[in-house]
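Student: for reference, the sequence and a predicted model appear below.
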Amino acid sequence: MINSGSSSVKYKLFDTDGLTRLQAGKIERIGEPGSGVPDHEAALTRVAEETSLDTRELTAVGHRIVHGGAVFTEPVLIDDEVFKQLCDITSLAPLHNPANLAGIEVARRLRPDVPQVAVFDTAFHATMPAASRTYAIDAALAERYGVRRYGFHGTSTAYVWRVAREVMGKPDARGIVLHLGNGASATATRGGHCVDTSMGMTPLEGLVMGTRSGDVDPAMIFHLIRAGMSPDEVESMLEHRAGLLGLCGDNDMRTVIERAQAGDAAATLAYEVYCHRLRKYIGAYYALLGRVDGIVFTGGVGENSAQVRRTVLSGLGALGVRLDPLRNAAADGARVVSTEDSAVTVLVVPTDEELEIARETSALVERTFSG
């Protein structure tokens, strides 16, 4: 599995028999002076040296692609035509997809004999109904430019929600998955399908994040432009200097909590805004689903911050949520943190996007070539 970023390449090697992880690593500072890794080809060459990428035992390479647009709604074998289509939609994710494609290009050149599979962060959300994915703007304009809600964190959500349903013993469960890291999203699910999700056309929409604003009034953007900021400056601010960082100067939730506990007013407000937005989305998704069997926390904050879980779920007793203080304070893998009499099972499930990519890659290759 290869996750190629703009300045790094993460990789994991799995045994297809049981999808056991054999090796993992990361090549960083690609293109930076003195790094010894001038480009993605050098990075992938190093990956080949460190793994079995150049052996006959390799059966497939799975690639994480952030944005599949409206074209790609499930994993796909990469050929020249697919690669061209991926290049055509890079404008939907200009910060991520070009780096993903660089990894694909080099891996295909190094191992043209091995199936290469693209797995999309947006794919899980392809089941959103039209009412969830459609923005209320000029329909012809939206069609022309691909303006719609796509959703992200889909690979993580698919993995986490499958594990949660197994733990609950409810394959058709309805639930809310909260992926809380530096990027954050909430997803309403029914069975194995997405009903709605907080991120939209880009990962900027929705929850308050480490450096991203989440939901804002669109007119605010025009106001700032008329006040003298350029469109690029406004976009950069919303992406990189907003969220927790914009509110209090720190994007690490651990530091924000420490400061808030010490009486820092800015950190306290940042924490309250973050949790308020989360609780609001949970309530909205309750209304959409009609019934909630499980609420799942994952991601760096979701998995590790008992305080965030406690704050976000406080006041939801009327909806049947009962958090167990001792279970919530524990830290031991996938687990239930709600009480036995809670009408809603609250779970913490560590995400494993790489394992999900390996699983989907292996399944597609087996379906395609087993005959």
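Tutor: Noted; the coordinates are in hand.
Student: if I look at residue 221, how far off is residue 242?
Tutor: Distance, residue 221 to residue 242, by CB to CB, to the nearest Å: 12 Å. From N, CA and C alone the C-beta is placed, and that goes for glycine too.
Student: more neighbours, the two?
Tutor: Taking neighbours as other CB atoms under 10 Å, residue 221 and residue 242 compare with residue 242 leading, 21 against 16.
Student: give the contact list for that one.
Tutor: 211, 212, 213 (CB atoms under 8 Å, 6 or more residues apart in numbering).
Student: make JSON lines out of the residues you listed and add distance to residue 110, pLDDT and secondary structure.
Tutor: Output for those, formatted as JSON lines (distance: CB to CB, whole Å; pLDDT from 0 to 100; DSSP: H, G, I helix; E, B strand; the rest coil):
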{"residue": "211", "distance to residue 110": "34", "pLDDT": "94", "secondary structure": "coil"}
{"residue": "212", "distance to residue 110": "35", "pLDDT": "95", "secondary structure": "coil"}
{"residue": "213", "distance to residue 110": "40", "pLDDT": "98", "secondary structure": "coil"}
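Student: so which of these wins on neighbours?
Tutor: Highest neighbour count within the contacts of residue 242, by other CB under 10 Å: residue 212, with 26 neighbours.
Student: OK, contacts around the spatially most central residue of the chain?
Tutor: Closest residue to the average C-alpha location of the chain: residue 153 at 2.1 Å, with CA atoms, centre = their mean. Residues in contact with residue 153, defined by CB under 8 Å, 6+ apart, are 121, 179, 183, 185, 187, 197, 199.
Student: next up, the contacts around the fifth one.
Tutor: What that stands for is residue 187. Residues near residue 187 by CB under 8 Å, 6+ apart: 124-125, 151, 153, 157, 161, 176-177, 179, 194, 196-198.
Student: tell me what the lowest-mean-pLDDT helix or strand in the chain is packed against?
Tutor: Scoring the helices and strands of the chain by mean pLDDT, DSSP states H and E places helix 40-50 at the bottom, with a mean of 83. Helix 40-50 sits against strand 2-4, strand 9-15, strand 20-27, helix 97-110, with contacts defined as 3 or more CB pairs under 8 Å, 6 or more residues apart in numbering; DSSP states H and E.
Student: the helix or strand just after it versus helix 40-50: what angle between them?
Tutor: For helix 40-50, the succeeding helix or strand toward the C-terminus, using DSSP states H and E, is strand 61-65. Counting by axes from the mean of the first three to the mean of the last three CA atoms, to 10 degrees, strand 61-65 lies at 140 degrees to helix 40-50.
Student: how far does strand 61-65 sit from the chain's center?
Tutor: Averaged C-alpha coordinates place strand 61-65 at 14 Å from its chain's average position (CA atoms, centre = their mean, to the nearest Å).
Student: helices or strands up against that strand?
Tutor: With contacts defined as 3+ CB pairs under 8 Å, 6+ apart, the packing partners of strand 61-65 are strand 2-4, helix 97-110, strand 116-120, helix 353-369.
Student: check which helices and strands the helix ranked longest in the chain is in contact with.
Tutor: Determined from DSSP state H, the single longest helix within the chain is helix 265-289. The contact analysis (3+ CB pairs under 8 Å, 6+ apart) places helix 265-289 against strand 174-180, strand 184-190, strand 193-197, helix 243-248, helix 253-261, helix 306-313.
Student: that helix versus strand 184-190: what angle between them?
Tutor: Here the directions of helix 265-289 and strand 184-190 differ by 20 degrees (the same axes, to 10 degrees).
Student: quick check: mean pLDDT of the very next helix or strand once past helix 265-289?
Tutor: Sequence order places strand 294-298 as the next helix or strand after helix 265-289, per DSSP H and E. For strand 294-298, mean pLDDT rounds to 98.
Student: now strand 294-298, how far from the chain's geometric center?
Tutor: Relative to its chain's centre, strand 294-298 lies at 14 Å (CA atoms, centre = their mean).
Student: same for the helix or strand following that strand, what does it pack against?
Tutor: Later in the chain than strand 294-298, the nearest helix or strand by DSSP H and E is helix 299-304. Contact analysis of helix 299-304 by 3+ CB pairs under 8 Å, 6+ apart lists strand 174-180, helix 306-313 as its packing neighbours.
Student: can you tell me what sits against the last one?
Tutor: This points to helix 306-313. Helix 306-313 has contacts (CB under 8 Å, 6+ apart) with 178, 180, 253, 257, 271, 274-275, 278-279, 282, 295, 297, 301-302, 321, 323, 325, 328-329, 337, 346, 348.
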